[in-house]
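>>> sequence and predicted model, in that order:
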Amino acid sequence: MKIHTLEQQQALPITPEEAWEFFSSPANLEEITPADVGFEITSPLAKNMFEGQIITYRVKIAPAVRMSWVTEIKHVDEGRAFVDEQRFGPYKFWHHRHEFESVDGGVLMRDTVHYALPFGPFGMLAHRIFVRRKLEWIFNCRKQVITTRFGGS
């Protein structure tokens, strides 16, 4: 199984507390995910994130093709980092670490995603021609939405 990595960081002119409050709430995922992804949270959400929390979504993986995606919050370091992992969904493996570091003038937000695709060589081909570009596009769109909402770079 080939594990791929996607990393992105963004400086925001907000306090670490403001960053944590916004990004640790799964309810805000829909706001920062491009509409083309058809992202919809389908599970009830707790007020505060916690380890072991299961969150279910529906996502569009191709035109007119939607599927369920189930993630678990595996680790929470209050105010600093959290990890979500896929339990069921479009990837063979998905591990997403969100980190927040206090810096001069605000907070540095860092996303590190390790992922693998199913279907062996067909998955590798899909990664080369479609999946990697789609993930980069999603994270770049998120970056733009976040910049518009909070400022920063």
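Nice, I can see it.

>>> just the element for the most centrally placed residue in the chain, please.
Of all residues in the chain, the one closest to the mean position by C-alpha atoms, centre = their mean is H96, 6.4 Å from it. Here H96 sits within strand 93-103, counting by DSSP states H and E.

>>> could you do Y57 as well?
Secondary structure assignment for Y57, by DSSP H and E: strand 54-62.

>>> which element follows that strand toward the C-terminus?
strand 65-77.

>>> circling back to that earlier point, the residue nearest to the centre of the chain against G89, yeah?
No: with contact defined as C-beta atoms under 8 Å, H96 does not count as touching G89 (11.8 Å). Heads up, the C-betas are built off the backbone N, CA and C, glycines and all.

>>> tell me where this protein is predicted with low confidence.
For the chain, no stretch has pLDDT under 70.

>>> in it, which spans are helices?
For the chain, applying DSSP state H gives helices covering 16-23, 29-32, 120-126, 132-150.

>>> and S153, how many neighbours does it have?
Residue crowding around S153 was assessed by other C-beta atoms under 10 Å; the count is 9.

>>> what's near enough to touch it?
10-11, 147 (C-beta atoms under 8 Å, 6 or more residues apart in numbering).

>>> again, only using 7 Å
Residues near S153 by C-beta atoms under 7 Å, 6 or more residues apart in numbering: 10-11.

>>> okay, it and P13: tell me how far apart.
From S153 over to P13 the distance is 9 Å, taken as C-beta to C-beta, to the nearest Å.
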